[in-house]
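Novice: Structure for the following, please:
(one chain, ligands or ions: 1)
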Amino acid sequence: MIVAWRFFPVTVKRLEQLSPTFLRVTFTGDELNFFADNGFDQRIKLIVPIGGTLEHMPTEPGWHAIWRELPDHQRNPVRTYTVRAVRQHLSEVDVDMVVHPGGNGPACEWIASAAVGDAVYLLGPDSRFDGPHGGIDFRLPAQTPAILLAGDETAVPAISSILERLPDSAQGEAILEVPYPADFLTLRAPAGVKVQWYARESAEHGSQLLPAVESAAERLLPQATGETVQDVDIDNQLLWEVPDEPGPGDTVYAWIAAEAGVTKAIRRHLVTERGLDRRRVAFMGYWRLGKAESN
Ligand SMILES: Cc1cc2nc3c(=O)[nH]c(=O)nc-3n(C[C@H](O)[C@H](O)[C@H](O)COP(=O)(O)OP(=O)(O)OC[C@H]3O[C@@H](n4cnc5c(N)ncnc54)[C@H](O)[C@@H]3O)c2cc1C
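Specialist: All right, here's what the predicted structure looks like:
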């Protein structure tokens, strides 16, 4: 039976260091001609080998319950990434991975020593499935005067892919905070969407993103009649506030993804101080400082 998501056994075909922070990993695998090319912020899961092996990873239907019961030393870490490009005719999928120096997470460690031929699983959308796959949170409203996209380096792949799939007529701003000026990539975007890069250097996460979003909000959201947002305990709860469908109206549509504490601060500013309708914005904590991803 064909289901929306499935495991794809893949190996690393190419590694391309795009900049100090971004490593493009091109995966290949016999079945990748069935990997759905949905674009936008399509998320997938990377199953990280333990000691070079995936032998204990269950891939059959109901895998999650079996996986959870495995002892720690056999339970392969599962981490979330964004599809950067799909070339079905070549059976290739690109994923742009952030190399964070000093990182001790399993995905980070895998990236640091990744080599051509290394095997992993990707859990991703199957193009043969006749229905929505899920895992896409960007939803362009039928009507919007402007789009605001903002994120840190982990959201650069998603923002890059969203920009590529926007209609030519799209207007708005994309704000990206990365570690270094050398990480400013060349992106393909509609002429009406202004792409702004900021380098954080040794400053804190969000030190550039938050003020840049505040000043974009001043331009894009002139009237401030905000509502108080409920606090989210970002250390114990996922900050993931995404409307199923953007609410009605003719106001800005925003998509924000970054470290959870930074996303939370942006959420407070846009909703409470600038009066952005929460039904017109997706807020996502892509990772949490000091905490490993939990599944
Ligand atoms: C929907 C979605 C899409 C994503 N897409 C991408 C993508 O395309 N490319 C990408 O590189 N990342 C992406 N991420 C972020 C990625 O999943 C996390 O960075 C993940 O935690 C990395 O796993 P890990 O095993 O290295 O670290 P974990 O085991 O999860 O964490 C270990 C430690 O590393 C820290 N850490 C994790 N990520 C970072 C970071 N970026 N910088 C500094 N410290 C960090 C944690 O705070 C923790 O202290 C995405 C996340 C989500 C939710």
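Novice: how about the closest residue to the ligand within the stretch 101-250 of the chain, phi and psi?
Specialist: In the stretch 101-250 of the chain, the residue found nearest to the ligand is Gly105; the distance is 2.0 Å by C-beta to the nearest ligand atom. Using the backbone N, CA and C atoms, a C-beta is placed for each residue, glycine as well. Torsion angles at Gly105 (phi, psi; degrees, to the nearest 10) stand at phi -80, psi 160.
Novice: Contacts only, for it.
Specialist: 77, 79, 292-293 (C-beta atoms under 8 Å, 6 or more residues apart in numbering).
Novice: make it 10 Å
Specialist: 48, 77, 79, 111, 287, 291-293 (C-beta atoms under 10 Å, 6 or more residues apart in numbering).
Novice: Output those residues as JSON lines; include the columns pLDDT and secondary structure.
Specialist: JSON lines is the format used below for the contacts of Gly105 (pLDDT from 0 to 100; DSSP: H, G, I helix; E, B strand; the rest coil):
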{"residue": "Val48", "pLDDT": "98", "secondary structure": "coil"}
{"residue": "Pro77", "pLDDT": "98", "secondary structure": "coil"}
{"residue": "Arg79", "pLDDT": "98", "secondary structure": "strand"}
{"residue": "Ile111", "pLDDT": "95", "secondary structure": "helix"}
{"residue": "Trp287", "pLDDT": "97", "secondary structure": "strand"}
{"residue": "Lys291", "pLDDT": "94", "secondary structure": "strand"}
{"residue": "Ala292", "pLDDT": "94", "secondary structure": "coil"}
{"residue": "Glu293", "pLDDT": "93", "secondary structure": "coil"}
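Novice: Out of the residues you listed, who's the most crowded?
Specialist: Comparing the contacts of Gly105 on neighbour count, Trp287 comes out first with 22 neighbours (neighbours: other C-beta atoms under 10 Å).
Novice: bridging residues for it?
Specialist: Beta-bridge pairing of Trp287 under DSSP bridges involves Glu259.
Novice: That one and Ala155: what is the separation?
Specialist: From Trp287 across to Ala155, the span is 10 Å (C-beta to C-beta, to the nearest Å).
Novice: low pLDDT regions in the protein?
Specialist: When residues are selected by pLDDT under 70, those of the chain lie in 222-227.
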